[in-house]
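K.L.:
show me the folded form of this:
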Amino acid sequence: MALDGLRLIAALMVVFHHYVGFGGGPTASENAWGRPVSQVFHHASAFGGYLWTGFCLFFIISGFVICMSSWGRGLGDFFTSRVMRLYPAFWVSVLATTAVLTLWPVVRKPLDAYSVLANMTMLAEPLGYKVVDSVYWTLWIELRFYLLFALVVWRGVTYRRVVAFCVLWTVGGLVSGSVKIPGLELFAMSEVSSFFVAGLAFYLMHRFGPNLLLWGIVVLSWILSLRYAGDHQGDLTGYLGRALPSWPALLLVTLSYLVVAAVALGFTARIQWRWLTVAGALTYPLYLLHEYIGWTAIRLLRNHAQPWVVVGVVTLGMLLAAWLVHRLIERPLAPLLKRGLRGAFEQLRAAEPATGAPRVGVQAPAAVTSQQDGDLVGAARPAP
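P.N.:
Below is the predicted model:
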């Protein structure tokens, strides 16, 4: 349950980065507030300028939870769980964001119908189309991680194979810039792979106990993550309209590592608050819905209340919308997709000659629980 709470914290970090630290752009014509956020929130906007680091926490948690939820599962179950988790809320969010931008094109213009259809596949970026909402940039990163880790699931998730995966992926990221192999960086994802690798290593610590090898993987991942955090904070200068020192971003990334380490080592095992399960359920739809719809709401409300009141109202509205998506869309559609996909895989297996008895999996421990099978969520790369 602690992971559910951490996911909600990470999601709210990203929300406040977009509403208080960024606002859509540094100029009045780009910004939902009609002026730079530094003039609206003053010192608070500087703190908000670092809260994009919420997606770093998301990626670490994603590595942890994907390893946990795929242990003992076959490839068909892994694929089914990913589709159930990702697509229902995503389809609704794409349509809802398009509808809001069509009715009130005050912060962004809606995409054409074909681009919206391309977005429904969750493959708009590799297909060469613009995304409906800029926060969707992390979805393509998550999908590539799933595709890579599916190789481990296909062979069977074990301690040795996860460690080998961590090592090979880290090495691939380190050499991708100097070795000219077509397509290597596409899957090496050298900038962000360290977060997922750390999450995988943390889960192995949780399941088998810490050791020097796993701590070595985590420490190297942390060093690589700090390099990315410093570079990314500098890249945000043009979007934020001012240069901010990078050390607070490095501190927040380090804190993300520490809180997941606390979960891995069992320090949060006593946290069993039931409301955290609900919090975890809201995280993904909140992330998908909050940016362009939230900026539109801010633009419409900004002249009718104080800025912090507007932020509070819009954030609560996004949380309510996320709950509705979970309650009315995700929960009813998940079992339908599960039955349909399992039936399809059963037909596929029935059409193939038998090759032997299936491997019996090992059940994941119950010390860390989460309502969701994994999490994507992501983050805060500013809109173009």
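
K.L.:
just the helices from the stretch 151-300 of the chain, written as ranges.
P.N.:
Counting by DSSP state H, counting those that start in this stretch, the stretch 151-300 of the chain has these helices, from start to end: 159-175, 184-188, 193-208, 212-235, 237-240, 247-264, 275-301.

K.L.:
show me what the helix or strand where residue 10 lies is packed up against.
P.N.:
Element membership for residue 10, per DSSP states H and E: helix 2-16. Packing partners of helix 2-16 (3 or more CB pairs under 8 Å, 6 or more residues apart in numbering; DSSP states H and E): helix 54-70, helix 247-264, helix 275-301, helix 307-325. (Glycine included, C-beta is placed from N, CA and C.)

K.L.:
pLDDT score assigned to residue 356?
P.N.:
Listed pLDDT for residue 356 reads 50.

K.L.:
then residue 181?
P.N.:
Residue-level pLDDT assigned to residue 181 equals 78.

K.L.:
surely residue 65 touches residue 6?
P.N.:
No. With contact defined as CB atoms under 8 Å, residue 65 does not reach residue 6; the gap is 10.5 Å.

K.L.:
so residue 307 makes contact with residue 33?
P.N.:
Yes. The criterion here is CB under 8 Å, and residue 307 meets it with residue 33 at 7.1 Å.

K.L.:
those two: which is more packed in?
P.N.:
Using other CB atoms under 10 Å, the more surrounded residue of residue 307 and residue 33 is residue 33, with 21 against 17.

K.L.:
tell me how far residue 314 lies from residue 42.
P.N.:
19 Å (CB to CB, to the nearest Å).

K.L.:
if we can go back for a sec, give me whichever of the helices of the stretch 151-300 of the chain is most buried.
P.N.:
Highest mean neighbour count of the helices of the stretch 151-300 of the chain: helix 193-208, a mean of 25 (counted as mean count of other CB atoms under 10 Å).

K.L.:
need the contact list for the nearest residue to residue 87 once chain neighbours are set aside.
P.N.:
Spatial nearest neighbour of residue 87, excluding adjacent residues (CB to CB, 6 or more residues apart in numbering): residue 122 at 7.1 Å. Contacts for residue 122 (CB atoms under 8 Å, 6 or more residues apart in numbering) come out as 86, 87, 90, 136, 139, 140, 143.

K.L.:
for residue 122, which three-state class applies?
P.N.:
Three-state assignment for residue 122 (DSSP: H, G, I helix; E, B strand; the rest coil): coil.

K.L.:
and the pLDDT at it?
P.N.:
95.

K.L.:
ditto for the one 10 residues further on
P.N.:
At residue 132 the predicted local confidence, pLDDT, stands at 97.

K.L.:
could you do residue 334 as well?
P.N.:
85.

K.L.:
coming back round to it: out of the contacts of residue 122, which two sit at the greatest distance?
P.N.:
The distance between the two most remote of the contacts of residue 122 (CB to CB) is 14.2 Å, for 87 and 140.

K.L.:
ok, now how distant is residue 210 from residue 293?
P.N.:
Per CB to CB, residue 210 is found 42 Å from residue 293.

K.L.:
again with residue 93
P.N.:
Computed with CB to CB, the distance linking residue 93 and residue 293 is 9 Å.

K.L.:
excluding its backbone neighbours, what's nearest residue 334?
P.N.:
Distances taken as CB to CB, 6+ apart place residue 84 nearest to residue 334, at 4.8 Å, with adjacent residues excluded.

K.L.:
in contact with the one you found, which residues?
P.N.:
By CB under 8 Å, 6+ apart, the neighbours of residue 84 are 333, 334, 337, 338, 341, 373.

K.L.:
right, I'll call it a day here.
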